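**Student:** Below is the structure, and that's it, no one-letter string:
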């Protein structure tokens, strides 16, 4: 047997043992920070991010990535934390797993992906970092002026040069942000855990390979100034070799168990995001290239038309958007979410009667679709039916309690009804979830001062003021 083959077999065996250990060896609680303190760090980081960056939290985008994340967590086992998944409007190639179950994806990273398996592989990798508490293990008490400054250090680490000057200044003042990064061993553990979870979900680990190949290509192309993701997640070449070795070893098993992914939902998610954040001229050219490329399959070409419909929507060319979307619906008449897209476009075009009929039909088929529910609620409010609109807004609030826009809408209805204290309460929650802590605090205090706040809202206002006090420490 050739020497290279022997080395390769040894490597596979070593990483097989590591993957077994990762799976069965219990996670040792880190002494540096307790679980409660880690949750507090994550919460402070989240509000720093909310105030500094624009989160893309349309209900359907949130529901899609949360569902994908929950699929990973179902096979990952019992967790210390409740996980939350976010997409940030930022062109950088980056994703970041913050303490306490917060996972952020930059739109620039999503733009490089071509399949749901690729997105799932990165998501699983980031979950692996949180499961093993990799960052928490590097945090030492006494090296920071407080949990707030640690949150700032993590924000600078996560977002690099894209962070606002305030975040960077606060982070650099701690003198510790550059010490919080994933080691080679951390990366190996997270990669191998992700590989194992993808197998359990019958997903193709080739998605993991493709993302690592993208990272390697970007590392070579941007060698002088690599993106933040490659600074915190090093060695794409070595990581690629590990995963390819595991795939070679598992080849027969993977052929029997791997299920082909339906990339319809992923491509819709991707183009919904890119149409909001990318220069329309660049995206339009990219979609035209997909349509003209003989290597593109039928799904890719059809979904390129979907992407063009979303560009038209955000350019307020609603009739063109509806015409393009109708072509996509012809190819996928059973995809209920496309009917929601059409209803949303009809609403934007001022065709209220058609929009309402379309949205109600979509909700009759899929009542848990919060994108359709929220859009219908806005339509009802716009057409003079606030009481019915409030009923639907309350449904969205129950399902997506951290969706800031829902509180703005409820605040408007309360204000129209001259319920000033209720309006202040809802605006307080809107500002809280926008990361505008001082404005949130002012509104909650005003709500309590007026003395007409319902008992339940009064209790919640007091609780949220205590939370704001903690966030400001």
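**Tutor:** Yep, it's here. Because the structure is a prediction, the values reported are computed rather than measured.
**Student:** switch to C-alpha atoms for all contacts and neighbour counts from now on
**Tutor:** OK.
**Student:** partners of the most centrally placed residue in the chain in the sheet?
**Tutor:** The central residue of the chain, meaning the one whose C-alpha is nearest the mean C-alpha position (C-alpha atoms, centre = their mean), is residue 86 at 2.7 Å. Each beta-bridge partner of residue 86 is listed here, defined by DSSP bridges: residue 104.
**Student:** Roughly how far does the nearest residue to residue 273 once chain neighbours are set aside sit from residue 119?
**Tutor:** When the adjacent residues along the chain are set aside, residue 273 lies closest to residue 107, with 6.9 Å between them (C-alpha to C-alpha, 6 or more residues apart in numbering). Relative to residue 119, residue 107 is positioned 12 Å away (C-alpha to C-alpha, to the nearest Å).
**Student:** related to what we said a few turns ago, what sits against the residue nearest to the centre of the chain?
**Tutor:** Contact partners of residue 86, counting by C-alpha atoms under 8 Å, 6 or more residues apart in numbering, are 55-57, 62, 65, 102-105.
**Student:** again with residue 415
**Tutor:** Contact partners of residue 415, counting by C-alpha under 8 Å, 6+ apart, are 422-423.
**Student:** does it sit in a helix or strand, and which one?
**Tutor:** With elements taken from DSSP states H and E, the one containing residue 415 is helix 404-416.
**Student:** Now do the contacts for residue 288.
**Tutor:** Contact partners of residue 288, counting by C-alpha under 8 Å, 6+ apart, are residue 304.
**Student:** which is the next helix or strand following whatever helix or strand it lives in?
**Tutor:** Using DSSP H and E, residue 288 maps to helix 280-292. For helix 280-292, the following helix or strand on the C-terminal side (DSSP H and E) is helix 298-314.
**Student:** which helices and strands does that following helix pack with?
**Tutor:** Under the contact criterion of 3 or more C-alpha pairs under 8 Å, 6 or more residues apart in numbering; DSSP states H and E, the helices and strands touching helix 298-314 comprise helix 264-277, helix 280-292, helix 318-331.
**Student:** Show me which positions of it end up buried.
**Tutor:** Under the neighbour-count criterion of 16 or more other C-alpha atoms under 10 Å, helix 298-314 has 300-313 buried.
**Student:** Same list, those, but as JSON lines with distance to residue 253 please.
**Tutor:** Rendered in JSON lines, the data for those read as follows (distance: C-alpha to C-alpha, whole Å):
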{"residue": "300", "distance to residue 253": "29"}
{"residue": "301", "distance to residue 253": "32"}
{"residue": "302", "distance to residue 253": "33"}
{"residue": "303", "distance to residue 253": "32"}
{"residue": "304", "distance to residue 253": "34"}
{"residue": "305", "distance to residue 253": "37"}
{"residue": "306", "distance to residue 253": "36"}
{"residue": "307", "distance to residue 253": "36"}
{"residue": "308", "distance to residue 253": "40"}
{"residue": "309", "distance to residue 253": "41"}
{"residue": "310", "distance to residue 253": "40"}
{"residue": "311", "distance to residue 253": "42"}
{"residue": "312", "distance to residue 253": "45"}
{"residue": "313", "distance to residue 253": "45"}
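**Student:** what are the ranges of the strands in the protein?
**Tutor:** In the chain, the strands defined using DSSP state E lie at 84-88, 95-98, 102-106.
**Student:** hang on, the earlier thing: pLDDT averaged over the helix holding residue 415 - what is it?
**Tutor:** In this model, helix 404-416 carries a mean pLDDT of 97.
**Student:** Centre of the chain to that helix, how far?
**Tutor:** Distance of helix 404-416 from its chain centroid, counting by C-alpha atoms, centre = their mean, to the nearest Å, is 25 Å.
**Student:** Report the residue ranges of every domain in the protein.
**Tutor:** Dividing the chain into domains by automatic domain parsing, as the record does, gives the ranges 3-257, 279-333.
**Student:** which residues sit in contact with the closest residue to residue 439 other than its chain neighbours?
**Tutor:** For residue 439, the nearest residue in space outside its immediate sequence neighbours is residue 431; the separation is 6.2 Å by C-alpha to C-alpha, 6+ apart. Taking C-alpha under 8 Å, 6+ apart as the contact definition, residue 431 lies against 404, 437, 439-440.
**Student:** Pick out the lowest-pLDDT one from those residues.
**Tutor:** Checked by pLDDT, those have residue 437 as the lowest-scoring entry (92).
**Student:** okay, now it: neighbour count?
**Tutor:** Neighbours of residue 437 under the rule other C-alpha atoms under 10 Å: 22.
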